[in-house]
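> show me how the following folds:
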Amino acid sequence: MKKQVTKCLLVYRGMQGKFRDPFTDFVPIGLFNILKALLDRGLEANLVNLSKYTQKEVEKFIKDSDCHIVFISSFYGNHIISFEMAKLFKKYHKNTYTVIGGPISILGKEILERFHFIDFVIKGEGEEASSLLIDALNEHKDLSKVFNLVYRKFSRIIENPVKLIKNIDKYFFLPSQIIQYCNKVDEENFSIIITSRGCPFDCNFCSSPVIWQRKIRFHSLNLLIEYLKDLRECFGTLYFSIRDDNFLLSKDRVRNFTKSLMVEKLYYLWNTQGSASFIDNELAESLSDAGCDQVQMGIESASLNQLKFFNKNLNLTGAKEAIKILRNNLIRPFGYFICGMKESPEDITNTLNFIKTSGLMDAVVAPLAIYPGTSLSKNYQIDIFFKNREIIYYDLNSFRKYKNLFLETFEEIYQKGFSLKELNNNKKYSFKNNIVKYFAYRREEQKSLDFLKEIVYKEPKNPWGYYLLGKHFYKKNSTLAINYLTKADEILNGKNEVIKKLIKKFSL
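Numbers count the residues shown, from 1 in each chain. Next up is the predicted model:
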């Protein structure tokens, strides 16, 4: 009789090549959700982030591991790394079940055809499927009942139907509920929040339409507020980032969320991303009042030809108006752009001119990547996604040709900041606006300090005023700096590691 599956290990290792960045070291939120689901079932489950391990350390960790089943989270870019980890688990623990999940699961059947050391692939959402899989293994049930599962049956590979979870709140987690089961996970990882799943748009370079089927499901707002309270209690966090595909989809939901943030007096600064087409003054004002200091928009290109190529329905005039509205509310507008699709010089000129004249204050450019399952990938043979260790790009040469022009243009907009007119016209008090004005008027020290002191006076339980005053006096008056930082530390119950380190540094 086979041993019961009770010990579960969840692992992640981000990209290790030349395209590695700090964000790819963060554990995907979905893996935390699965951890919570397994813990709720009474299983022994632990999660480890191996992103900062050397290859030798990874192999030693796997060799020393003790688990019955391992869930490996993978996207396209760290996919070969994930497959190699599965191979090592089988090498050292032949009876351990290996499961691949994450966005790469779109290629579930193809993965099992090529890699005998991978036992299962879970396509799409894994919270319910992972638990059902363990139940089926323990009770020797037919695997055909485990939706989202790809598995072998004799010489055949079976793909079970993919089902979306109706109530995603069921698998919502709080940091305090899972911290003790997480290893090598940075605190900052928990400040990245997903409040919904799915996007209604059908951009041909994006894998969201195939993963989420263009259906939208939201977490309830009371759980999000509970999460933010718990995040503050656990880490003394001051800043969070909402990474939904499109947070701005529902204006009513955004307004209710921002209102709740203000009522609860959580005093967070935060950023989010969403389509420019949803931005109006009322929405921007509610974001601003609640501490949102940046909105990131997928503009991609200002060439009509390229937008058509992307199947992206974007009104460039409307995007410029959205940027203006954000600036008027002292929210930094940020643009995502894509290059590397055999553009003409005219296409590039149109996009660079848009960046220069639109009012964007920050931006990034990325090469056009070909992700499995996207509409853009249909002209590519499946084998190419397994032969390439990292990512396939549409035309990396054209990206390299124009990359520096983008970077030079970004450098221009970085320097501009908000205009005096924008700063002076926005007379409405909010701690976020005061922080923006503090940095804008740094050359006029007393004037800039008055904005921070106003926060302290009007909101004595807001840590931001004390924190920034402490940093301001770092080299000028260490006693004053320590006093302000100590006050911020007290408000945050001594949990903010950055502030604690500053106090220790100033005290030496």
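
> could I get the buried residue list for the helix or strand where Glu128 lies?
Assessed by DSSP states H and E, Glu128 sits inside helix 127-139. Residues of helix 127-139 classed as buried: 127-134, 136-137 (neighbour count, 16 or more other Cβ atoms under 10 Å). All C-beta spots, glycine's among them, are computed from the backbone N, C-alpha and C.

> equivalent analysis for stretch 341-349, please.
341, 343, 347-348.

> which members of those residues occur in helices, if any?
Counting by DSSP state H, the part of the buried residues of stretch 341-349 found in helices is 347-348.

> from the buried residues of stretch 341-349, pick the one nearest Phe257.
Set against Phe257, the nearest of the buried residues of stretch 341-349 by Cβ to Cβ is Met341 (35.6 Å).

> wait, isn't the closest one in contact with Lys308?
No. Met341 lies out of contact with Lys308 (Cβ atoms under 8 Å); the separation is 11.6 Å.

> from Ser130, how far out is Ser51?
Distance of Ser51 to Ser130, given as Cβ to Cβ, to the nearest Å: 21 Å.

> with Glu264 instead?
Following Cβ to Cβ, the distance that separates Glu264 from Ser130 is 33 Å.

> wasn't Val11 part of a helix?
No. The assignment for Val11, made by DSSP: H, G, I helix; E, B strand; the rest coil, is strand rather than a helix.

> tell me what it is bridged to.
Val48, Ile72 (DSSP bridges).

> residue contacts, it?
Residues in contact with Val11 (Cβ atoms under 8 Å, 6 or more residues apart in numbering) are 47-50, 70-73, 85.

> repeat that for Gly236.
492-497, 499.

> Ser208 now?
Counted by Cβ under 8 Å, 6+ apart, Ser208 has contacts 198-199, 214, 245.

> and these, which is closest to Met15?
Nearest to Met15 among these, counting by Cβ to Cβ, is Asp245 at 20.9 Å.

> for the closest one, which non-adjacent residue is closest in space?
Nearest residue to Asp245 in three dimensions, chain neighbours excluded: Cys199, at 3.7 Å (Cβ to Cβ, 6 or more residues apart in numbering).

> that neighbour: neighbour count?
21 (other Cβ atoms under 10 Å).

> quick one, what contacts it?
206, 208-209, 212, 214, 216, 245-246, 249.

> which stretches of the stretch 51-200 of the chain form strands?
69-73, 97-101, 120-122, 149-153, 156-159, 182-183, 192-193, 196-197 (DSSP state E, counting those that start in this stretch).

> and of those strands, who's closest to Gln294?
strand 192-193 (14.2 Å).

> packing partners of the closest one?
Counting contacts by 3 or more Cβ pairs under 8 Å, 6 or more residues apart in numbering; DSSP states H and E, strand 192-193 packs against strand 239-242.

> which parts of the helix or strand following the strand it packs on are buried?
Toward the C-terminus, strand 239-242 is succeeded by helix 251-264 as the next helix or strand (DSSP H and E). Judged by neighbour count using 16+ other Cβ under 10 Å, the buried positions of helix 251-264 are 254-255, 257-258, 260-261.

> could you point out which of these is nearest to Lys153?
Phe257 (45.7 Å).

> which residue packs closest to the closest one, ignoring adjacent ones?
In space, Phe257 is closest to Leu221, 5.5 Å off (Cβ to Cβ, 6+ apart).

> what about that neighbour, neighbour count?
Neighbour count of Leu221, defined by other Cβ under 10 Å: 15.

> could you measure from it over to Ile211?
For Leu221 relative to Ile211 (Cβ to Cβ), the value is 24 Å.

> cool, and Leu423?
Distance from Leu423 to Ile211, by Cβ to Cβ: 42 Å.

> one more: Arg442?
Counting by Cβ to Cβ, the gap from Arg442 to Ile211 is 44 Å.

> which of these two has more neighbours?
Ile211 (22 against 12).

> mind listing what Val456 touches?
462, 465-466, 469.

> which of those count as buried?
Buried subset of the contacts of Val456 (neighbour count, 16+ other Cβ under 10 Å): 462, 465-466, 469.

> just the closest of those residues to Leu228, please.
Distance to Leu228, by Cβ to Cβ, is smallest for Asn462 among these, at 14.8 Å.

> my guess is the closest one meets Leu269, correct?
No. Using Cβ under 8 Å, Asn462 makes no contact with Leu269, being 10.8 Å away.

> if we can go back for a sec, angles on the backbone of the residue nearest to Phe257, please.
phi -70, psi -30 (degrees, to the nearest 10).

> the residue lying closest to Ile499 once chain neighbours are set aside: neighbour count?
Leaving aside its sequence neighbours, Ile499 sits nearest to Asp489 (Cβ to Cβ, 6+ apart; 5.1 Å). A count of nearby residues for Asp489, using other Cβ under 10 Å, gives 22.

> quick one, grab the pLDDT at Asp489.
pLDDT, Asp489: 96.

> run the chain-centre distance for the worst-scoring helix or strand of the chain on mean pLDDT.
One helix or strand of the chain scores below all others by mean pLDDT, DSSP states H and E: helix 208-212, with a mean of 81. The chain centroid and the centroid of helix 208-212 are separated by 16 Å, computed with Cα atoms, centre = their mean, to the nearest Å.

> just stretch 230-240 next, same as before
Remark: stretch 230-240 is offset 17 Å from the chain centroid, using Cα atoms, centre = their mean.

> now do the end-to-end distance for it.
Its first and final residues considered, stretch 230-240 spans 13 Å by Cα to Cα, to the nearest Å.

> average pLDDT for that stretch?
Per-region confidence: stretch 230-240 scores 98 on mean pLDDT.

> which residues of the stretch 1-150 of the chain fall in helices?
Remark: helices assigned in the stretch 1-150 of the chain by DSSP state H, counting those that start in this stretch are 29-40, 55-64, 79-92, 108-114, 127-139.
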